[in-house]
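> Here is my input; please provide its structure:
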Amino acid sequence: MAQTAGDGIRVLLADDEALVRAGLTMLLESEPDVTVVGEAQDGEAAVDMARNLQPDVVVMDIRMPVMSGVEATEILTSDDFLNGVENVPSVLVLTTFGDDEAVRAALRSGASGFILKSSAPKGLGDAVRSLAEGDGWLDPAVTRGLLVDFAGRPDARLPTTKEMGRLTAREREVLAVAAHGLNNAQIAAHLFLSEATVKTHLHRIFLKLGITDRAQAVAAAYKCGLVKSEDKL
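Next up, the predicted model:
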């Protein structure tokens, strides 16, 4: 996830309320290493602007007209979009209490994290920074409920074939290579990707499958037949 020299972390904001966008812009512009490169009023505009501006992070409201944040996130993390840009954006979902199901849908669509709008003044900069570094961000105020559906599943429980079907073709490719024991640098070299991009793909794989580590991901890859013991790279 390359950042443009001199600009620091490039952020695109997507929210249908002008006052909210203005407030978020003010918060982010106060961070010395963050630059807001654009503001979108709906999901469709966010997708178009992300393609043209190639930000490092898209801060995405869930509920917007024309195209929702969930729909826009699904496009931004699709193979078709990723194949057409040089920089892979991570999506940070903006939410409120009561949006749990929408947040789950956004995470399944490929979002790298979420933050409550009420927490934004205090944690938005840290959240954006975490995503720019290839990590995730789960707002502690509502993480407990989401972990029941995602990372809180018992270790012994592996993803089903149906859940594996949520992965994009590129994510399945990354997982298959990881299942052969390669580290991030080796996966990047094998697939001609950057290490940051590999890390982003793995993070999304973990979120979509509701798992917490690479060992579970590898076990799931073998269980679901994505790779077989006799396969070779």
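
> Identify each buried residue in stretch 121-131, please.
Neighbour counts using 16 or more other CB atoms under 10 Å place 123, 124, 125, 127, 128, 129, 130, 131 of stretch 121-131 among the buried residues. Where you see a C-beta, it was placed from the backbone N, CA and C, and this is true even at glycine.

> ditto for stretch 129-140
129, 130, 131, 132, 134, 136, 137, 138, 139.

> looking only at pLDDT, what's the mean for it?
For stretch 129-140, the mean per-residue pLDDT is 77.

> I'd like the distance from it to the chain centre, please.
Using CA atoms, centre = their mean, to the nearest Å, we find the averaged C-alpha position of stretch 129-140 to lie 9 Å away from the chain's own average C-alpha position.

> Next one, pLDDT for the residue nearest to residue 66 when sequence neighbours are not counted please.
Of all residues not flanking residue 66 in the chain, residue 42 sits nearest, at 4.0 Å (CB to CB, 6 or more residues apart in numbering). Note on residue 42: pLDDT of 96.

> With residue 85 instead?
With respect to pLDDT, residue 85 has a value of 76.

> With residue 230 instead?
Listed pLDDT for residue 230 reads 58.

> Let's see which of the buried residues of stretch 129-140 end up in strands.
137, 138 (DSSP state E).

> and of the buried residues of stretch 129-140, the nearest to residue 55?
The shortest approach to residue 55 among those belongs to residue 132, at 9.6 Å (CB to CB).

> Touching, that closest one and residue 92? I think so.
No - in this structure, residue 132 sits apart from residue 92 without contact. The criterion is CB atoms under 8 Å, and the distance is 9.7 Å.
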